[in-house]
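Enquirer: only geometry, no sequence info:
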């Protein structure tokens, strides 16, 4: 039995074609089932949230270097986001929104990791009876298609009625990328 590996350019081309096909399928599903203001980002319509959304006992928020500069991440290096539709420390992301943008929820008290300010860390009660971590008053979320630590694939996306941004070490949105 012979096994052949695709040359790197063909493998990249196959990934691009697959990503495009997923995006078209997602757009079709959005058009049929969701109003544009609350649509999931392309390629995420049928995505199931990874374990990133699991409630943890003690969440750590830290700072990591990225292509966008220094950004907030969790203890495993996964990028954290803010949602512009949130009202103060109250989350407005529930239901289908949380399958694409899982909140960072906690059972204990959040910890400040390297570069993060303990004074900016906090929590907020969610209507689903969980406790979400906040930073500088912003509830924190993951993006389901961030596959590895440091990915920022959700940066600047407009979904579920507003835009999503990574945060700097001061807890402000980074509006570039």
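Expert: Great, that's in hand. All figures in this text were calculated on a predicted structure; none of them were measured in a lab.
Enquirer: Give me the contact list for stretch 124-141.
Expert: Stretch 124-141 is contacted by residues 55, 59, 61, 72, 80-83, 86, 88-91, 93-94, 101-107, 110, 116, 120-123, 164, 167, 170-172 when judged by CB atoms under 8 Å, 6 or more residues apart in numbering. The C-beta positions use only the backbone N, C-alpha and C, and glycine is treated the same way.
Enquirer: Tell me the span between the first and last residue of it.
Expert: 13 Å (CA to CA, to the nearest Å).
Enquirer: what comes up buried for it?
Expert: Buried residues in stretch 124-141, counted by 16 or more other CB atoms under 10 Å: 124, 126, 130-136, 138-141.
Enquirer: same deal with stretch 75-84?
Expert: 78-83.
Enquirer: Would you mind putting those residues into CSV with distance to residue 148, pLDDT and secondary structure alongside?
Expert: Listed next are these as CSV, based on distance: CB to CB, whole Å; pLDDT from 0 to 100; DSSP: H, G, I helix; E, B strand; the rest coil:
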residue, distance to residue 148, pLDDT, secondary structure
78, 8, 96, coil
79, 10, 97, strand
80, 15, 98, coil
81, 16, 98, strand
82, 21, 98, strand
83, 22, 98, strand
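Enquirer: quick check, nearest of the residues you listed to residue 156?
Expert: Closest approach between the buried residues of stretch 75-84 and residue 156, by CB to CB: residue 81, at 10.1 Å.
Enquirer: Contacts only, for the closest one.
Expert: Residues near residue 81 by CB under 8 Å, 6+ apart: 101, 140-143, 154-155, 164-167.
Enquirer: do you know how far it is from residue 129?
Expert: Noted for residue 81: a distance of 22 Å to residue 129, by CB to CB, to the nearest Å.
Enquirer: cool, and residue 56?
Expert: Residue 56 is 16 Å from residue 129, by CB to CB.
Enquirer: Residue 135 now?
Expert: With distances taken as CB to CB, residue 135 is found 21 Å from residue 129.
Enquirer: likewise residue 72?
Expert: 25 Å.
Enquirer: try residue 166
Expert: 28 Å.
Enquirer: do the same with residue 71
Expert: 29 Å.
Enquirer: Next: residue 175.
Expert: 33 Å.
Enquirer: likewise residue 123?
Expert: Counting by CB to CB, the gap from residue 123 to residue 129 is 13 Å.
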